[in-house]
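Provided below for reference: sequence and predicted model.
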Amino acid sequence: MSPLDAPVKRGGAGDGLPVLGAALARLDGVAKLEGSARFALDQPVEGLAHAVLLRATIAAGRVTRIDAAAAEAAPGVLAVLTPDNTAPLAAASSWTGAPPAQPQYRPLDAEIFHHGQQIAAVVAETLEQAQEAARLILVDYEAVPAITGLDDPRAGDGDPIDMLSKSWGDAAAALDKAAVRLTLEYRTPREFNMPIEPHGLIAQWDGEELTLWEPSQWLDGMARTYAEWFGLRFDQVRIVSPYIGGGFGSKALALPHGAVAAMAARQLGRPVKLALTRSQTFTGLGGRPATRQVLEIGATAGGRLLAIRQRGWNETSMNAVSVEPLGSVTGLMYALPNFDSRQNVVPVHTVQPGAKRAPGENPSAFGLESAIDELAHAVGQDPLALRLLNDAEHDHSSGKPWSTRKLREALAAGAVAFGWDRRDPMPRSMRDGHLLIGWGMAAGTYPVRRTAGEALVGILADGSVEVASSTADMGTGAHTILAQTAAEALGLPVERVQVRLGDSRLPRAPVTGGSQMAGLMTGAVHKAALAAREVLIGLALSDPRSPLRGTGANTLRLEGGMLVAPDGTAYDVSAVLKATGRERVEALRDTLAENRLKPEDHYRNFTTVSTMRAPTDGDYSMHSWCAHFVEVAVDEALQTIRLRRVVSAFDSGRLYNPKLAASQWKGGIVMGIGQALLEEGLVDHRHARLMNDNLGDYLLPTNADIPEIEVIDVGEPDPHASALGGKAVGELGIVGVAPAIANALFHATGKRLRSLPLTGQRLAEAG
Amino acid sequence: MMDFSYARPADLAAAGAALAAGGMALGGGTGLLDLAKLGVARPVAVVDLTRLPGLDAIQVSETEARIGALVKMSRLAAHPAMRAALPAVGQALLASASPQIRNMATIGGNLLQRTRCAYFRDAAVGSCNRRNPGSGCAAVGGVTRGHALLGVSPHCIATHPGDLAVALVAFDAVVETWSPNGQRLLSVHDFFLLPGATPGQEFALAPGEIVTGLRIPLAPVARQARYVKLRDRASYEFAAASLAAGMSLGVDGRIADLRLALGGVATIPWRARSVEAALIGEHPTPAAIAAAAALAMREAEPQPDNRHKLALVPALIERTLTDMVGEPA
Ligand SMILES: Cc1cc2nc3c(=O)[nH]c(=O)nc-3n(C[C@H](O)[C@H](O)[C@H](O)COP(=O)(O)OP(=O)(O)OC[C@H]3O[C@@H](n4cnc5c(N)ncnc54)[C@H](O)[C@@H]3O)c2cc1C
């Protein structure tokens, strides 16, 4: 049977389930459409003062003097914070829990590591007063030459990150013997997360209690950082983050501007609001660092992979090590007997890079999946067939079996829906008038990460149910799937469930990142809901006032809001609670034990990533998989590249809500299209400064750039990956999009572009 | 942002007085407010022109279109008679900015929009001859993908960003202005000033002079004119290169009239007269078109980042004219 004949699974992996698995629209959708959803920065707070940041106009050197006299005298100004007049904070441990390298942290520092670094803050009665006063500050610098990026000769080769070194077999020997050998270099530029909701916060002190209204993908982790900075106990910090207007990885950590706002609020004894401007969103935090990777691939003349040797480099800031692991997908995707991967980080004068959707997997797949296409062309094979030929029956990096891997199914389903068999393999062979048409494909993967979660589920006397956790809903649908989970466990309609999230006073949750939230939080909510049901049934059976006690039953079912005895006697949940004099029953549960953790690991589990489990922790190697098929239309003379259609198939395990999963996949594809064709931080190499620090010049795709996208679900529940069978969704969709487009561009034009973005200019320059 | 005063005069005389006293004119504000937020414009007094009477009419006759300065971009783009008489205008407008901006922005303000040069738009950059005469040009040697190749001077390489103005230059529009000295009619060719040694002087307007409207002669060549805009992003981006083109053929099949103007590649909306001259009176054969199109960038002075436009612009002209020959009106 050819792979294209493989049966295509129709419908969702959640088919057949009444509540969990239903394609419900987002419960928070209406509030957002109406504008009634209140985001963190919308919080009305009495007596608010407004802070703005002043940024360095050099990229390297020192601030020698700040003259703030005029600013201090300006109307409405309450304070000007500078490196000279602010005391250092205590340094916080890292997100992994590693203790700080230095004891102190200066969010306003005279030493300059990058252009746009915050060096002072003005606090005033109004935002406009603060902005105007900030203009009056005079700054003297002592500048030194800056290292502007990976291509700067002074940047050198950087520092090896041994943790990322991977090897098995003997790649060097296998490459020497390989009949086909390719050496290929791929690059990705500095990319930025650019959520529409700005980063920022309102900080308010009440004695030694600090409250922060701040969008957060990780309330507990950020609360820990603030607590350590200001010498507070964890429970003295409260973060409230009702909704998040996009983060894509950039809102998981407390950032320097947050420290400044909290410092200012403490100094003034007044709540302070600080929101980054759009331009500051490019300099106040980093996105994906620029990367470069060289892949040496050895294969048989028939296209069977023999070895890959990889060398990778990513830029980092001068004062912190951030890694974008370029080898994360390289050795995983295919049957690869010999592998050797190393990576360096190269310090340059830029803001500390952060995490942008699928950090590591994304640029890693751009290299590998472009290279596989190049190999297919070199050996004269169809790129889909070459991938199937090299399919991995197990994970060669860990030696473990896959938990589930529906990559073959994704490739087959995508190919059929796309019509891949009608592709003429010759580059430049397909045309439509002036346009060259190209069909390209690539695979993608994202690991299943797991951390223990915690949730409280309460059943109330009015028959409603409350779910509570500090986890964040980034618009991805946490409110919705957690309501579905509780409703499913309790046999209730979803409308009865009220989900409260985004407040660090609620039961704990780990980072909403690494695409782990849905899997771990549905598990925690499910467990707490079943426990709450047991409490309720216990009460109904044993409380002398319970109307069900007389049935003599030793068990009850909970169905449609009714407690039902085996003899058919049924009472409304609210009737039972009222009769027994209860307002509610509830259960708080965590999943530490399931993750082989002890109660004393509780704090560490939720405030660091030190307990996050690798996809190979356990007996299996666990990953989500996907395959993208794209069509591009290229007008060579007019240097224009447009996408015409995208068909992608996904294995994310069980889908708790197919509609929301499809939205996430599509969102990842859209972001991948932007990455492939448009996004690039443009640096002026004379000054190490970013020139396109706004959304007019840093191009994100518009609706007009996005063609029809068809997504197909080929997953099935994975019992090893999570309590309820789901695997990673959120970051999967972007992985493999850029190489699929690059491959299509090659097919259209016969020109191979190995640097993102794939612009008409680069195409023209490729000759 | 600094405090500023705000006035909304009810007639031209009052507006003129407010502007003469140092006020800055406000149309839809999509450009001025943007620059004020960046600290590049520092208005002390803002004079809102949008309540001035009689400046929001669109009149299209057989021979001429008259457009008031306060007409919104979106309204002009949708005007049926205008679309029929000179389709390039509507096409240029619809390829500009976003629907929200077009609903706010006025035609007067659109003509007077400032360059998108990132070095101009960052008040912290010291060297910008346009903002700060005599201070130098930080763009030369910097990130110059979007900078001009035509009409540049050693003092400034900033690109004129507008789309509508390109169509106006192709079709010889006339700008109407008013100042306390009276009304003035000014050819659009004289309206936009080359940077030369004085890049700070972008428009041939006296201080306080108000743009009141446009007059566009409706030559037969206008009827089948078109506007083609190229860019990386399919929408909501300034032009990498654009072309307003109109062509009419005589009974002998030769080109009788030809109008070509370029956007996105020059310091002002750029009339490609050498290409026009090479083709007028000729048969529009592929060879003739290609040879003439190649002249468009002969005078170009590229930067390291924008050399790809040396080929792009002739290709755009060639393609557009070939299409027009193939699909006569
Ligand atoms: C994100 C973005 C994208 C854009 N993309 C494009 C694009 O693709 N193509 C394009 O062509 N344009 C584009 N624009 C520019 C846009 O078209 C202009 O901002 C708009 O046309 C200006 O009109 P306005 O009425 O808002 O002008 P205002 O901002 O009110 O004024 C602009 C200038 O003209 C002066 N002024 C206004 N009216 C008069 C008058 N009657 N007499 C004398 N002086 C006057 C003002 O003092 C000011 O200096 C874009 C703008 C933005 C913000």
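Thanks, I have the structure now.

burial of residue A:206, as a residue count?
Using other C-beta atoms under 10 Å in any protein chain shown, residue A:206 has 10 neighbouring residues. For glycine as for every other residue, the C-beta is placed from the backbone atoms N, C-alpha and C.

pLDDT score for it?
Looking at residue A:206, its pLDDT stands at 98.

repeat that for residue A:7.
You'll see residue A:7 listed with a pLDDT of 45.

mind checking how far the closest residue to the ligand within the stretch 651-767 of chain A is from residue B:34?
Of all residues in the stretch 651-767 of chain A, residue A:696 sits closest to the ligand, at 4.6 Å by C-beta to the nearest ligand atom. Using C-beta to C-beta, to the nearest Å, residue A:696 is found at 9 Å from residue B:34.

ok, now residue A:51?
Going from residue A:51 to residue B:34 by C-beta to C-beta gives 23 Å.

looking at the two, which one has more neighbours?
Taking other C-beta under 10 Å, residue A:51 and residue B:34 do not tie; residue A:51 has more neighbours (28 against 17).

in the sheet, who's paired with the more buried one?
Note on residue A:51: beta-bridge partners by DSSP bridges are residue A:123, residue A:274.

I'd say it and residue A:270 touch.
No. In this structure, residue A:51 is not within contact of residue A:270 by C-beta atoms under 8 Å, at 10.6 Å.

which stretches in the stretch 201-329 of chain B count as strands?
B:210-217, B:226-230, B:241-249, B:255-263, B:270-271 (DSSP state E, counting those that start in this stretch).

turn these into TSV, columns for distance to residue B:301.
Shown next, in TSV, are the strands of the stretch 201-329 of chain B (distance: least, C-beta to C-beta, whole Å):
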stretch	distance to residue B:301
strand B:210-217	30
strand B:226-230	20
strand B:241-249	16
strand B:255-263	14
strand B:270-271	13
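
nearest to chain A, of those?
Between chain A and these, the shortest separation by C-beta to the nearest C-beta is 5.6 Å, and it involves strand B:226-230.

what about stretch A:742-754, distance to the chain center?
Relative to its parent chain, stretch A:742-754 has a centroid offset of 29 Å by C-alpha atoms, centre = their mean, to the nearest Å.

relative to chain A, how far out is the residue nearest the centre of chain B?
Of all residues in chain B, the one closest to the mean position by C-alpha atoms, centre = their mean is residue B:165, 2.5 Å from it. From residue B:165 across to chain A, the span is 18 Å (C-beta to the nearest C-beta, to the nearest Å).

list the contacts of that residue.
Going by C-beta atoms under 8 Å, 6 or more residues apart in numbering or on different chains, residue B:165 touches B:110, B:111, B:188, B:192, B:263, B:269.

for those, which one is nearest residue B:178?
Distance from residue B:178 was checked for each of the contacts of residue B:165 by C-beta to C-beta. The minimum falls on residue B:111, at 14.4 Å.

contacting residues around residue B:30?
Contacts of residue B:30 by C-beta under 8 Å, 6+ apart are B:97, B:101, B:104, B:105, B:109.

make that residue A:368, sorry
By C-beta under 8 Å, 6+ apart, the residues touching residue A:368 are A:295, A:308, A:329, A:330, A:333, A:739.

tell me where the model's unsure across chain A.
A:1-18 (pLDDT under 70).

break it down into its domains, please.
According to automatic domain parsing, chain A comprises the domains A:49-145+A:199-275, A:291-449+A:616-765, A:450-607.

for the residue nearest to the centre of chain B, helix, strand, or coil?
Here residue B:165 is helix, with the state taken from DSSP: H, G, I helix; E, B strand; the rest coil.

tell me, how many neighbours does the closest residue in space to residue A:717 that isn't next to it in sequence end up with?
Distances taken as C-beta to C-beta, 6 or more residues apart in numbering or on different chains place residue A:725 nearest to residue A:717, at 3.1 Å, with adjacent residues excluded. Here the number of neighbours of residue A:725 (other C-beta under 10 Å) works out to 23.
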